[in-house]
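>>> Have a look at this prediction, sequence included:
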Amino acid sequence: MKLHEYQAKQVFADAGVPTPDSQLASDVDGVVTAAEEIGYPVAVKAQVQVGGRGKAGGIKLADDEDEAREAAESILGMDLKGYHVDRVLVEEAVDFTDELYVGITMDRGEGKPVAMVSTKGGVNIEEVAEEDPDAIAREHIDPAFGMHPYQARKAVYDAGVDQSVARDVSSVLTTLYQLWDDKDGADAEINPLMVTSDDDVIAADAVMNIDEDALFRQPELAEMEEEAAGGDELEQKADEYGFDYVRLEGNTGIIGNGAGLVMTTLDLVDYYGGEPANFLDVGGGAKADRIANALDMVFSDDNVESVVFNIFGGITRGDEVAKGINEALEQFDEIPKPVVVRLAGTNWEEGMEILNEDLVTVEQTLEDAVQRAVEYAEEVSE
Ligand code: GDP
Ligand code: MN
């Protein structure tokens, strides 16, 4: 579960990480009022659950009321990588000399959390990680002992952070690890951690992903999740339907039963040159109405150009699923997007016979089904 920037900043600020003065706003006048209270210049920042907002036009700086209005008008209501922006964070603009990166994540290869520091923070950190991995200093942490102060200092030193702010950056990193540990974090990241001309550091962005399965012992964060989901219609819908659903940025919708099978389908879509639009697990024993709800979910995503259904029957029966697909699609005068189905396992043959091929494309193998769906999606985008 991913917190919004404004929520993550609150969590970080409560733990003592310096963050800019900020207020949330949902209309143009609200932005102006907030900007006046905070004092110009301000940054106006789209609150949606995607990275790279800066490059996508979701962040603007404003020096006065006119510019604040202009920024608010262009960002509020915009479609940012498929997400509708209905709230912005208005924030004291930071006058910075450097943009650092600090983050904690789980290194599955090592089986340990890893602290990362780089002086090449800002909007290009993904490229830096790929092209110049040595520009990111890494320090693995033994969770039984936590992060030793010398480890934080070492990571900061290895990254080449300037002496004048090294202590402050180490302290932010230590706090970040503490938070990651206390709050059952999956990732905790500050990018950029800005260095000001007065040699202060301040978290200009904040990312906090929480382990979903630990939410039961993080009631405050669970509450934030409800608020966060409230910002996105599709996530809300998924909650109502009781689906495990993750929205992604591509155009090939994916429905499957069982998390592993859905992940495999996602990987295959990527392998065949497509881009997954979502992760959607309908779970075991999927009955007709659940299938209809799943289709409703993917069709509600404007980015979706084709859908691949990947069902492996066990408790779930192929004929049941096929009936569900037919029933759901018969309700449309025109099928919104092409649907490709692959059935395997219990009653798959019965299922294949039942499927109405006027409504769906049926493929025998998973590879064929995925390839077909990717082709359909590509045809539309051309
Ligand atoms: P992201 O693109 O979604 O990761 O959003 P960020 O919050 O990291 O902002 C992207 C970029 O916008 C930063 O790297 C900065 O260059 C710029 N930016 C964000 N906030 C401020 C600010 O308060 N002042 C200034 N000058 N630039 C900012
Ligand atoms: Mn950022």
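All right, it came through fine. Numbers count the residues shown, from 1 in each chain. Ligands and ions are numbered 1, 2, ... in the order given.

>>> How about the secondary structure of Gly77?
coil (DSSP: H, G, I helix; E, B strand; the rest coil).

>>> quick one, what contacts the nearest residue to it once chain neighbours are set aside?
In this structure, Gly77 finds its nearest non-sequential neighbour in Val85, 6.5 Å apart by C-beta to C-beta, 6 or more residues apart in numbering. Every residue, glycine included, has its C-beta placed from N, CA and C. Contacts for Val85 were tallied using C-beta atoms under 8 Å, 6 or more residues apart in numbering; they are 46-48, 58, 75-79.

>>> Secondary structure class of Val50, three-state.
Assigned state for Val50: coil (three-state reduction, three-state DSSP).

>>> Next: Ala35.
With three-state DSSP as the criterion, Ala35 reads helix.

>>> burial measure for it, as a count.
29 (other C-beta atoms under 10 Å).

>>> and the helix or strand of the chain with the lowest mean pLDDT, what other elements does it pack with?
Lowest mean confidence among the helices and strands of the chain (mean pLDDT, DSSP states H and E): helix 219-229, at a mean of 80. Applying 3 or more C-beta pairs under 8 Å, 6 or more residues apart in numbering; DSSP states H and E, one finds that helix 219-229 contacts helix 5-14, helix 233-241.

>>> which one of those is the most hemmed in?
helix 5-14 (a mean of 20; mean count of other C-beta atoms under 10 Å).

>>> got the angle for that one vs helix 219-229?
160 degrees (axes from the mean of the first three to the mean of the last three C-alpha atoms, to 10 degrees).

>>> gap between helix 5-14 and the chain center?
Mean-position distance between helix 5-14 and its chain equals 17 Å (C-alpha atoms, centre = their mean, to the nearest Å).

>>> what's next to that helix, contact-wise?
Contact with helix 5-14 is made by 3, 19, 22, 24, 45, 47, 87, 89, 175-176, 179, 183, 190, 203, 205-208, 221, 224, 227-228, as judged by C-beta under 8 Å, 6+ apart.

>>> Show me which residues of the stretch 251-382 of the chain are close to ligand 1?
Proximity of the stretch 251-382 of the chain to ligand 1, by C-beta under 6 Å from any ligand atom, involves no residues.

>>> all helices in the stretch 251-382 of the chain, in order from the N-terminus.
259-271, 288-299, 318-330, 348-354, 366-381 (DSSP state H, counting those that start in this stretch).

>>> same check, this time on the stretch 51-200 of the chain
Under DSSP H, counting those that start in this stretch, the stretch 51-200 of the chain gives helices at 65-75, 125-131, 149-159, 163-182.

>>> Turn those helices into a markdown table, including mean neighbour count.
As requested, these are exported to a markdown table (neighbours: other C-beta atoms under 10 Å):
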| stretch | mean neighbour count |
| --- | --- |
| helix 65-75 | 18 |
| helix 125-131 | 13 |
| helix 149-159 | 19 |
| helix 163-182 | 19 |
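
>>> looking at the ones you listed, which has the lowest confidence?
Lowest mean pLDDT within the helices of the stretch 51-200 of the chain: helix 125-131, a mean of 91.

>>> Just the closest residue of the stretch 201-350 of the chain to ligand 2, please.
Asp205 (3.6 Å; C-beta to the ion).

>>> Please report how far the residue of the stretch 51-200 of the chain found nearest ligand 2 lies from ligand 1.
Residue of the stretch 51-200 of the chain nearest ligand 2, by C-beta to the ion: Asn191 (4.3 Å). From Asn191 across to ligand 1, the span is 6 Å (C-beta to the nearest ligand atom, to the nearest Å).

>>> What distance do you get for Glu67 to Val298?
Distance of Glu67 to Val298, computed by C-beta to C-beta, to the nearest Å: 39 Å.

>>> Repeat that for Val44.
In terms of C-beta to C-beta, Val44 sits 32 Å off from Val298.

>>> which stretches of the stretch 201-350 of the chain have low pLDDT?
With pLDDT under 70 as the threshold, the stretch 201-350 of the chain has low-confidence stretches at 228-232, 285-286.

>>> ok, for Asp281, nearest residue in space, not its chain neighbours?
Among residues not flanking Asp281 along the chain, Asp244 sits closest, at 4.3 Å (C-beta to C-beta, 6+ apart).

>>> which residues does the one you found contact?
238, 259, 279-281, 283.

>>> tell me which parts of the protein are close to ligand 2?
191, 205 (C-beta under 5 Å from the ion).

>>> Quick check: Tyr241 vs Val169, distance?
Tyr241 is 44 Å from Val169, by C-beta to C-beta.

>>> next one: Ala43
21 Å.

>>> For Val362, see how far away Asp213 is.
36 Å.

>>> And these two? Which one has more around it.
Val362 (20 against 9).

>>> What residues are bridge-paired with that one?
Val341 (DSSP bridges).

>>> Let me see the confidence value for it.
The score at Val362 is 95. That number is its pLDDT.

>>> Confirm for me that it is in contact with Asn356.
No: using C-beta atoms under 8 Å, Val362 is not in contact with Asn356; the gap is 9.5 Å.

>>> near ligand 1, which residues of the stretch 1-150 of the chain?
Applying C-beta under 6 Å from any ligand atom, we find that the stretch 1-150 of the chain lies next to ligand 1 at 43, 45, 51-54, 59, 61, 91, 93-94, 99, 122-123.
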